[in-house]
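A.B. asks: sequence plus predicted model, see below.
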Amino acid sequence: MFEPVSPQVSFPELDATHLAFWEDARIFEKTLEREADKPPFIFYEGPPTANGMPHPGHVMTRVMKDVFLRYRTMGGHYVPRRAGWDTHGLPVEVEVEKALGISGRDAIQAYGVEAFSRQCIDSVFKYIDEWQEMTRRIGFWLDFDAAYVTFHKSYVESVWWALSEMFKKGLLYQGYKVIWWWPQGGTALSAGEVGQGYKTIDDPSVMIRFPVVGEDETSFLAWTTTPWTLPSNVALAVDPGTVYATVEVEGERLIVAEALVEKVLGEDGTVVSRRKGSELVGMRYEPPFRYAEPEGGPAWEVVDADFVSLDSGTGLVHLAPAFGEDDFRVCKDKGMGFLQLMNPDGTFPATVTDFAGRFCKDADRDIIRNLRSRGLLFKEEVYRHDYPFCWRAMDDPLIQYARRSWFIRTTQEIERVKENNRAIHWEPEHIKTGRMGQFLEGNVDWALSRERFWGTPLPIWVNDETGAAESVGSVAEILERNPKAFEHFENAKAKDPSLQEHLMVHKPWVDEVTWVKRGEPGVYRRVPEVIDCWFDSGCMPFAQWGYPHQGQDEFQRSFPADFITEAVDQTRGWFYSLMTISTLMFPAQEVPHPFKNCVVMGIITDEKGKKLSKRDKNYTDPLVLMDRVGADAVRWALYAGTVPGQNTRFFDAAATDAVREFLLKIWNVYSFFVTYANIDAWTPTADRPPLSERSDMDRWLLAELDATVRAVRRELDDYKSHMAVRHLLSFVDGLSNWYVRRSRARFWATDDTADKRAAFSTLYETLVDLTKLTAPFTPFMTETLFQNLVRKNDPSAPESVHLASFPEPDEARVDDALRRTVEQVRNVVNLGQRVRNENKLKVRQPLAEAIVVVADDGERAAIDGFSDAIREELNVRSLGFTQEPEIYVEFELLPNFRVLGPKLGKQVPACKKALAESDGSALYAEMEANQKIRVELPDGPIELTLDEVEVRLSAREDFAAASGAGQVVVLDTRIDDDLRREGMAREVINRIQRARKAMDLPYEARIEVSWNADGEVAKAIEEHAERIAGETLATRFEAGDAEGATVEETEIEGTPLRLGITKAPA
RNA sequence: GGGGCACUAGCUCAGGUGGUUAGAGCGCACCCCUGAUAAGGGUGAGGUCGCUAGUUCGAGUCUAGCGUGCCCCA
């Protein structure tokens, strides 16, 4: 016996049961223990930062990870799933600053770096419970107990090791990086923060004369909106392809882009010569200010650049590499010098005598006045644009500012990174050459350092006298240099035991670590910076084990990963850092590494395509949604609606649809099966007729099942979960809407026939395999089915569906011919129903015959095998076939383009025309007779064979017929009296059934019916009384006064009918 | 400003390698069905495949340009 199943099901309640069961029975742990000797399938979890609430986007990547991992687990792999937490970085600091109500370096230092770091630790785990609960609730099995944490000492030491290796190879160097800088706060801002602080403001827009060296009375006219950067001018940029004109105006010559002459200089000027931008390159000019000489290269020359626009300005742009990212890049490429006349606090240094101590933006007006007085100012305007301010202090403008920074020389190894990228299987494929490929093409050295507090400290110590630098890869290496290096930390810990061991490798403690070297003056002190947290997470393949200081075996066994998946925003984040670090660290490793397959998900948006945001509240909390519809529905909606690389519009309706479209369909079949299996006391140990002795219907279902198993495996092997979903949906549709619907009567049969046993066996086997096949997608509902269908009656079965094996292809079930036949049969039924609809012939009205046009005896026999089904579905007394289709059908011959295209080439349209204009039926007859036809084309006659044409049938209009998918069905629409009376009888049955339903009778309840009618209706009732009584379970059915518990006044084809219905005594 | 992706039915989306009647689900209309019934099922109407050129015998599919939206970077 099976546990009785209610058709009403609460999926959220089932979820709770299974979550408890999995935990109590340690099912997840058992998948790991059981599989430990199996071939591993390695997965890396991209570590989230738990300082924000998880939202539907996180749910999506989690379920995507889970489906492939469950699939591999059931497929016989050992699939460890270790959680990880990303704990460093600017966003963490920003959150803590917000919480503490402080901001900026000075404020943090005043608050205390140690206390601040502790706050950061608390902050990164603020929502860890919510994250774990969401993960648990959605059914993503992940080993949180073994989670790696990026701030832990062993992790940091691994990162240090990687950095020290790079340092030794000369891959770490110091240079400048232009960042958005908040002068008043003394700190850089992240892109995200910059984006939050834009305001529309008016800035001066000035055109300045830059006198050309060697050409009298001639100046370049260049443009800038930041006059305060002019003292640090190093070059002028032109576009090499643009034509520049030298224009004589009022006794001087000015050089501007030819296209802008009139706009800038008016109509008075005379063009005296023209030069392309490329010809100007290398020309020298007098800078407007000369407080200091640029260092490291030449200065005050014209260079070519790719960003010069003619939309505004003069076509020449002033470049100050210290204060603009583009400026810096171009000047660096051209080997120009560098000059930075501005203090980090935004004031001019003493060197800039005229403006010393003035704040940059405030000095603009004085600088313009100065230029005007020296005759260098050509024009001053106001320029309205969006400019970023500090989002925490909206009156403080940000400036682009070059800071000393540490870089990884990724450009040196970029070819190897690209080779690695090419070897990776990206899903979708276009990431490889598109987003990632293009990113790698434009690769610049990785700006690694951050002037912040909470991050992995950069492990470089510099001698404060000699400037010699050393990098270390572990605490042990430090202790070799100075056994007392961590004394400060030890003392602090002695005082405060709550101080975590991990913090010894963090600021402020690590900054106390120093050493001296014998025979060298000076003390080695750590550089102040911490590093980009993307470097942390990119080290996880080895740092999660503390490699190489420990965990060597674990690392070897789990490197590289078979599979990772995250959202597309990780292309330049985690995917890049993983790939780059691995390429630099493990040059001997065969590509690809550290991951072989990467599924890149799009982002989740709301119904209207808008980004999800907490502020707009445009999504339902995932936990709330799961409590409403269940975790499986949310999962299925995501699998069904999400294509890698594409954005997904996700909204609650998608989850409710999933319940109806998929989960409930399976549930209904399951509930149907259990109901009748229990009535019949059928159990899985009952006789199972061999496949060969089962009906076509059974073998068809199993053939479809097998095809689905193959398809789902193929798609999942290919990381195309959305395609696997389609196969499952279409199978479940066939199961529910064809197999079960057509087979119901077989399950009601009262006596124990071989056919009934075959039906039970088939449906049971199908449900069990379908359960396993679907388990990776919807792990909750499938557990219910598995427990009841399999485990309940077989204690030797796996304890959980997730410990079972994924279904294998089964050669014995393959029957493509049968699948094709049923497809045709279902099409015949559809066509017949169309004919009925079009001719307003209700299915209740029986018809004499349906005629199917068939091509040959084989097709006829195949379809005839399903004659019963077709006759019932179409309510016709007989099913006929015709091989004289020309009576009902018109033929049209078309070229088989795929075959004839290459053969005929340009003659194809002529051939199509000739065929269309001929008598199709005659051509068809000719083809039947000769296996070939002759067609006259303008270029001469050609012969066409059967495979070179496509025969298209269409129903002749004078028949009730429909054609489609290469088939034609004709209905005999003549209704004689006999048929009419049978139709009437069916009407009566229908009326009584409707009354039964209105009376709310259980389906097995018996009734007594008294009826009253005249004429043809009465005759029809009398004629079919037995059948009417039988179908309506009437123990008494007779003409009379039509009185009873319920009296039904109705009419059939205009004849009144009165029915009296009473529940029969039991 | 650069790169990437998308644009197919009212809505949400599928549509290897080019082949002539472009599919599904939802919604809508009409209809069927007591034995899965507070369920289930059928049929139908809806599309110049964003626009414009081009390549080709043939383009939703390939190429170029344009438009709109989104993402990443600047």
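C.D. replies: Sure, I can see it.

A.B. asks: pLDDT below threshold where in the stretch 51-200 of chain A?
C.D. replies: Applying pLDDT under 70 to the stretch 51-200 of chain A picks out residues A:190-193, A:195-196.

A.B. asks: how about the stretch 201-350 of chain A: which residue is closest to RNA strand B?
C.D. replies: For the stretch 201-350 of chain A and RNA strand B, the shortest gap (Cβ to the nearest atom of the strand) falls at A:Glu325, measuring 3.8 Å. Every C-beta, even on glycine, is put in place using the N, C-alpha and C of the backbone.

A.B. asks: for that residue, which non-adjacent residue is closest in space?
C.D. replies: A:Val178 (4.4 Å; Cβ to Cβ, 6 or more residues apart in numbering).

A.B. asks: try A:Tyr924
C.D. replies: A:Tyr924's closest residue in space is A:Phe891 (Cβ to Cβ, 6+ apart), at 4.3 Å.

A.B. asks: and that neighbour, what does it touch?
C.D. replies: A:Pro885, A:Gly920, A:Ser921, A:Leu923, A:Tyr924, A:Val951, A:Arg952, A:Leu953 (Cβ atoms under 8 Å, 6 or more residues apart in numbering).

A.B. asks: switch to 6 Å and redo it
C.D. replies: A:Gly920, A:Ser921, A:Tyr924 (Cβ atoms under 6 Å, 6 or more residues apart in numbering).

A.B. asks: what subset of those is also close to RNA strand B?
C.D. replies: With the criterion set as Cβ under 7 Å from any atom of the strand, no member of the contacts of A:Phe891 is near RNA strand B.

A.B. asks: write out the residues of the stretch 551-700 of chain A neighbouring RNA strand B.
C.D. replies: Proximity of the stretch 551-700 of chain A to RNA strand B, by Cβ under 7 Å from any atom of the strand, involves residues A:568-569, A:571-572, A:603, A:605, A:607, A:609, A:611, A:641, A:643, A:645-649, A:654, A:657, A:660-661, A:664-665, A:668-669, A:671-672, A:675-676.

A.B. asks: can you tell me which of those residues are in helices?
C.D. replies: Those of those mapping onto helices are A:Gly641, A:Ala654, A:Asp657, A:Leu664, A:Lys665, A:Asn668, A:Val669, A:Ser671, A:Phe672, A:Thr675, A:Tyr676, per DSSP state H.

A.B. asks: count of neighbours near the third one?
C.D. replies: This points to A:Asp657. 16 (other Cβ atoms under 10 Å).

A.B. asks: what pLDDT does it get?
C.D. replies: As predicted, A:Asp657 sits at a pLDDT of 80.

A.B. asks: where do the helices of the stretch 251-400 of chain A begin and end?
C.D. replies: A:261-265, A:277-280, A:325-333, A:364-373 (DSSP state H, counting those that start in this stretch).

A.B. asks: tabulate those (JSON lines), appending mean pLDDT.
C.D. replies: Formatted as JSON lines, the helices of the stretch 251-400 of chain A follow (pLDDT from 0 to 100):
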{"stretch": "helix A:261-265", "mean pLDDT": "82"}
{"stretch": "helix A:277-280", "mean pLDDT": "86"}
{"stretch": "helix A:325-333", "mean pLDDT": "86"}
{"stretch": "helix A:364-373", "mean pLDDT": "90"}
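
A.B. asks: RNA strand B contacts on the stretch 201-350 of chain A?
C.D. replies: Contact residues, the stretch 201-350 of chain A versus RNA strand B (Cβ under 7 Å from any atom of the strand): A:Phe307, A:Ser309, A:Asp311, A:Glu325, A:Asp326.

A.B. asks: who wins on neighbours among the residues you listed?
C.D. replies: A:Asp326 (17 neighbours).

A.B. asks: pretty sure that residue sits against A:Phe307.
C.D. replies: Yes: applying Cβ atoms under 6 Å, one finds A:Asp326 in contact with A:Phe307, separated by 5.2 Å.

A.B. asks: related to what we said a few turns ago, and the furthest pair within the residues of the stretch 201-350 of chain A next to RNA strand B?
C.D. replies: Using Cβ to Cβ, the pair of those lying farthest apart is A:Asp311 and A:Glu325, separated by 19.0 Å.

A.B. asks: please pull out the lowest mean pLDDT helix or strand from chain A.
C.D. replies: Ranked by mean pLDDT, DSSP states H and E, the weakest helix or strand in chain A is helix A:191-195, scoring a mean of 67.

A.B. asks: after it, next one along is what?
C.D. replies: strand A:198-211 (DSSP states H and E).

A.B. asks: got the angle for the next helix or strand after that following strand vs strand A:198-211?
C.D. replies: Remark: after strand A:198-211, the chain's next helix or strand is strand A:218-224, criterion DSSP H and E. If you take axes from the mean of the first three to the mean of the last three Cα atoms, to 10 degrees, strand A:218-224 sits at 170 degrees to strand A:198-211.

A.B. asks: so out of everything in the stretch 951-1066 of chain A, what residue is nearest RNA strand B?
C.D. replies: For the stretch 951-1066 of chain A, Cβ to the nearest atom of the strand, closest residue to RNA strand B: A:Arg996, 1.7 Å.

A.B. asks: tally of neighbours for that residue?
C.D. replies: Neighbours of A:Arg996 (other Cβ under 10 Å): 20.

A.B. asks: quick one: stretch A:967-976 near RNA strand B?
C.D. replies: No: counting by Cβ under 7 Å from any atom of the strand, RNA strand B is not contacted by stretch A:967-976; separation bottoms out at 10.0 Å.

A.B. asks: gap between the two ends of that stretch?
C.D. replies: End-to-end distance for stretch A:967-976: 28 Å, by Cα to Cα, to the nearest Å.

A.B. asks: what do you get for stretch A:345-362?
C.D. replies: 13 Å.

A.B. asks: next, format the residues of the stretch 201-350 of chain A next to RNA strand B as TSV and append distance to A:Val475.
C.D. replies: Formatted as TSV, these follow (distance: Cβ to Cβ, whole Å):
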residue	distance to A:Val475
A:Phe307	46
A:Ser309	53
A:Asp311	56
A:Glu325	37
A:Asp326	42
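
A.B. asks: what residue ranges in chain A score low on pLDDT?
C.D. replies: For chain A, the ranges with pLDDT under 70 are A:35, A:190-193, A:195-196, A:311, A:607-609, A:614-616, A:957-958, A:965-966, A:1066.

A.B. asks: specify the beta-bridge partners of the most centrally placed residue in it.
C.D. replies: Per Cα atoms, centre = their mean, the C-alpha nearest to the average position across chain A is that of A:Met601, at 2.5 Å. Using DSSP bridges, the bridge partners assigned to A:Met601 are A:Ala567.
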